[in-house]
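Student: give the three-dimensional model of this entry:
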Amino acid sequence: MQTFTLLFLIALLLSTSVQLWLSFRQMRHVAQNRSAVPEAFTDKISLEEHQKAAAYTVTKGRFGTIEMMIGTIVLLFWLFGGGLNWLDQKVIALGYGSIVTGVIVILVFSLISSIIDLPASLYKTFVIEEKFGFNKLTLKTLFIDTIKSTLLGVAIGAPFLALILWLMSSAGSLWWLYAWTALSSFSLLMMWAYPKFIAPIFNKFSPLEEGETLTIIKSLLTRSGFSSDGVFVMDGSRRSSHGNAYFTGFGKNKRIVFFDTLLKHLTPKQIEAVLAHELGHFKHKHVIKGLIVSLTTTLIGFAILAWLMQTSWFYSGLGVDNPSIYNALLLFMLAAPAFTFLLGPIMSWWSRKHEFEADSFAAKQSSATELISALVSLYKENASTLTPDPLYSSFYDSHPPASIRIAHLQKEGEKS
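Tutor: Predicted coordinates for the structure are as follows:
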């Protein structure tokens, strides 16, 4: 066994074991605390609602562990069971050039992976989400969504992938810098184009109707100094009863989007508070900071890949017989998560820090009390657990646990 093979298997075993251990901790902690509603929520959430959230969390956790183990087995098959070698040889036999061959290999790999993941996706949607009353998706809508996303992925992804492979093979020793520039430009373009040209392919977006809610939102935007391309309502209820709100777009092409499910459950003042929180992310430049971190890690990744693809042990150590630019790219994407898993808690901590900052902004621009009531409503409607395992939460959760977040908002409200 090669040294790199051993290192990869150790990293994969470690990351998988830690994830399983954390998942079991989460399920045990939530189950142990299902018998009583946390004190901060006793007058807002019933025991029945609390226990539903606990059951939902544990059910998702159990299935998630099965998914994780199956995913690990599938990964080992692709690498050491001859899966990638078989696919590579089948496509090479078609007789195309290296770039076209690479595009086909990666696209077919993605297609096969999607087919392998399909049963789990169907089970989560039509069994778990259905059981807890969240699923609104039909098989017809799922089929149409799948066709649209596949065609869109090929139409946009294939040419861009060909560009990256061409740069890798033709741009010399600094190809990684050119490829990073291309990817960064592409990402910014997609951020700009997504709200107007891509999102409407899958969902209907309607301008928020005139009324109290829109009046309150316009007032908030004015005093916050924020401009957007409009406030829209998305038909999220076609697929799920979960509610959400988000900003999308880049530059002047920014949109504020509310799920229709969210608007049904919140009052106008609660909606203002939720929007104020989202505005806080922009005011604190969280989006730009996140983009900088993403682009920086991508640059580092390309630089590492440029070194790895020149070594023979990178390919042979991961079970691939044919060293090629497309196999190098594919292997890097498959192997990297095993080595970068422990960076997850750092990113989660950073994200939670941003959430606290956005909440503080919302408490000043709107109302901490209204944001608390909106969050409690969302916790209730989305069956979010109020008692996550602290260690699990520190690894995975991009938002602070409910009790900690509410306590922080109460302090901010007292300041305001």
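Student: for whichever strand or helix holds L163, give the mean pLDDT please.
Tutor: Using DSSP states H and E, L163 sits within helix 139-170. When pLDDT is averaged over helix 139-170, the result is 94.
Student: what's the answer for stretch 295-309, then?
Tutor: Mean predicted lDDT for stretch 295-309 stands at 96.
Student: could you pull out the buried residues of stretch 4-20?
Tutor: 4-5, 8-9, 11-12, 15-16, 19 (16 or more other CB atoms under 10 Å). C-beta coordinates here come from the backbone N, C-alpha and C atoms, glycine included.
Student: next: stretch 67-85.
Tutor: Neighbour-count burial for stretch 67-85 [16+ other CB under 10 Å]: 67, 72, 74-75, 78-80, 83-85.
Student: present those residues as CSV; the columns should include secondary structure.
Tutor: Conversion of these to CSV gives the following (DSSP: H, G, I helix; E, B strand; the rest coil):
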residue, secondary structure
E67, helix
T72, helix
V74, helix
L75, helix
W78, helix
L79, helix
F80, helix
G83, helix
L84, helix
N85, helix
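Student: which single one of the residues you listed is nearest to A276?
Tutor: Closest approach between the buried residues of stretch 67-85 and A276, by CB to CB: E67, at 36.4 Å.
Student: distance of that closest one from L75?
Tutor: Applying CB to CB, to the nearest Å, the value for E67 to L75 is 12 Å.
Student: contacting residues for F132?
Tutor: Going by CB atoms under 8 Å, 6 or more residues apart in numbering, F132 touches 52, 55-56, 59, 383.
Student: any weak-confidence spans in the stretch 1-150 of the chain?
Tutor: Along the stretch 1-150 of the chain, the model assigns pLDDT under 70 to residues 1.
Student: for it, which segments count as helices?
Tutor: 3-32, 47-80, 83-92, 98-123, 130-131, 139-170 (DSSP state H, counting those that start in this stretch).
Student: which one, of the ones you listed, ends up nearest to M234?
Tutor: helix 139-170 (14.3 Å).
Student: buried set for the closest one?
Tutor: Quick answer for helix 139-170 (16+ other CB under 10 Å): 142, 161, 163-169.
Student: again, but for stretch 380-390
Tutor: 380-389.
Student: then stretch 287-303?
Tutor: Result for stretch 287-303 [16+ other CB under 10 Å]: buried residues 291, 295, 298-299, 301-302.
Student: re earlier: could you point out which element follows the helix holding L163?
Tutor: helix 175-193.
Student: quick one: buried residues of that following helix?
Tutor: Result for helix 175-193 [16+ other CB under 10 Å]: buried residues 175-180, 182-183, 191-192.
Student: which of those lies closest to E278?
Tutor: Looking across the buried residues of helix 175-193 and measuring by CB to CB, the closest to E278 is M191, at 15.9 Å.
Student: how close does the closest one get to L174?
Tutor: 26 Å.
Student: tally of neighbours for A374?
Tutor: Look at A374: counted by other CB atoms under 10 Å, it has 26 neighbours.
Student: contacting residues around it?
Tutor: 266, 270-271, 273-274 are the contacts of A374 under CB under 8 Å, 6+ apart.
Student: likewise for T261?
Tutor: T261 neighbours (CB under 8 Å, 6+ apart): 236-237, 240-244, 381.
Student: try S98
Tutor: S98 touches 165, 169, 324-326, counting by CB under 8 Å, 6+ apart.
Student: can you check L308 too?
Tutor: So, once contact is read as CB under 8 Å, 6+ apart, L308 ends up touching 314, 328, 332.
Student: and it, how close does it get to K60?
Tutor: L308 is 35 Å from K60, by CB to CB.
Student: now do L20
Tutor: On the measure of CB to CB, L20 and K60 end up 15 Å apart.
Student: related to what we said a few turns ago, now flag whichever of the buried residues of helix 175-193 is closest to I372.
Tutor: M191 (31.4 Å).
Student: what pLDDT is listed against the closest one?
Tutor: Confidence for M191, expressed as pLDDT, is 85.
Student: equivalent analysis for S227, please.
Tutor: 76.
Student: sec struct for it, please.
Tutor: From three-state DSSP, the assignment for S227 is coil.
Student: how many other residues sit next to Y392?
Tutor: Neighbours of Y392 (other CB under 10 Å): 22.
Student: contacting residues for it?
Tutor: 22-23, 25-26, 29.
Student: many thanks, I have nothing further to ask.
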